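Participant: With the sequence up front, the predicted model follows.
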Amino acid sequence: MRRAGPGTRLPRLAAVVFILGGWTLLAWIFYSPRLQLFPPPWQVAERFAQLLHTELPADIAASLAEAAGGWVIGSILGIVLGALIGRVQLARLLLRPVIDFLRFISPLAWVPLAILWFGIGYWSKASIIVLISLFTVVVNTAHGMSSMDAELRKASSSLRLSLLQRAEVALMSAMPDILVGLRYALGAAWGGVVLSELVAGDTGIGAMESYGGQSFDVAQIMVGMLVLAALGYLANWGFVQAQRRLFPWIIANRAS
C-alpha cells in the first residue's frame, strides 16, 4: 500500500467494501432465528475478540509451529532428492518412479498412518506437512536441475570447475524453479496443517474450527478461516520479500 498510487488504492478499497457488503447481504439472506448459519461481519469480529483473549493465540502458535517445521524439513528433503533426480541418472531411474507414484496419494490418506506412527501430537501433523512440501519441491527442483542451460554446462566443463562448484552452478541455475516449488509448498502447508488438525488434533486452528462445528458455532469456524487466510497471506508476502532480497537477479532476469 505504501508503494501503491492513488489509482490503485481506490479499487482496493472498493473491493473491501464490496466483500463486506456482499457478506452482510448473504448473512441477511440466510438469516435464521434458531441457528446462525451465516453470521454477519460484526458477529465474527466479536467472536474473534473473544477468542483472542482465550485459546486463539495458543492455536495460532501451534499451527505456525507445525506448518513451519514441516515445510522446512520437507523443503530440504525435496531439494536434495530433486537435485539427485535432476542430475544423477541412477537416482532418476530409482527415485523418480517412487516419487511419481507416492505424490498422487491424498494427504488425508496419510493421516491414519501418521497417528499410528507418531500419535496425536506435533509430529503426526508436521509429518503430513513434510510429505506435502517434499512432493511439491522435489518435482520443481528436479525440473530445474534437469533443464540446466547447455551453455552453462559447457562453461563449467571449460573452466574445469570442481564437483562442488558445478553443483553450485546447477543449483543457482535451478533456483527459479526451486523458489516456485517452495512458494507453492508454503501455501499447501497451510491447507495440510488444518486438514491434519481437523482429523487428529486438540490444538491449532483446525481443531478450533472442529470444535466450532461440534458446537454449531459458525462464527468461530469463520474466525479460523479468516485467521488462516491472513497468516497464509503474510507468509506468502514474507517469502516474496525474502526472495527479492536474497535473489534479486531472478527478478532482474524476468524483467528483462
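Facilitator: Everything's here; your move. Residues are numbered from 1 along each chain as shown.

Participant: Counting neighbours, which bits of the one helix or strand A27 maps to end up buried?
Facilitator: Following DSSP states H and E, one finds A27 within helix 6-29. By 16 or more other Cβ atoms under 10 Å, the buried positions in helix 6-29 come out as W23, A27. C-beta coordinates here come from the backbone N, C-alpha and C atoms, glycine included.

Participant: For that helix, the averaged confidence score.
Facilitator: Per-residue pLDDT over helix 6-29 has a mean of 78.

Participant: If you tally nearby residues, what's the number for V130?
Facilitator: 24 (other Cβ atoms under 10 Å).

Participant: give the contact list for it.
Facilitator: Contacts of V130 were listed using Cβ atoms under 8 Å, 6 or more residues apart in numbering, and they are G70, I73, G74, L77.

Participant: now stretch 222-238, how far from the centre of its chain.
Facilitator: From the chain centre to the centre of stretch 222-238 is a distance of 10 Å (Cα atoms, centre = their mean, to the nearest Å).

Participant: hmm, who's touching the strand or helix carrying M208?
Facilitator: Per DSSP H and E, M208 falls inside helix 205-214. Here helix 205-214 makes contact (Cβ under 8 Å, 6+ apart) with 51, 55-56, 59-60, 63, 193-198, 201, 217-221, 223-225, 227-228.

Participant: could you flag which of these are buried?
Facilitator: Neighbour counting with 16+ other Cβ under 10 Å marks 51, 56, 59-60, 63, 193-198, 201, 217-221, 223-224, 227-228 as buried within these.

Participant: show me where pLDDT drops low in the stretch 151-256 of the chain?
Facilitator: Regions of the stretch 151-256 of the chain meeting the criterion pLDDT under 70 cover residues 156, 201, 251-256.

Participant: can you pull out the helices in it?
Facilitator: Under the criterion DSSP state H, counting those that start in this stretch, the stretch 151-256 of the chain contains helices at 163-199, 205-214, 218-246, 248-255.

Participant: With distance to L108 as extra columns, can I get the ones you listed in JSON lines?
Facilitator: Output for these, formatted as JSON lines (distance: least, Cβ to Cβ, whole Å):
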{"stretch": "helix 163-199", "distance to L108": "6"}
{"stretch": "helix 205-214", "distance to L108": "12"}
{"stretch": "helix 218-246", "distance to L108": "17"}
{"stretch": "helix 248-255", "distance to L108": "34"}
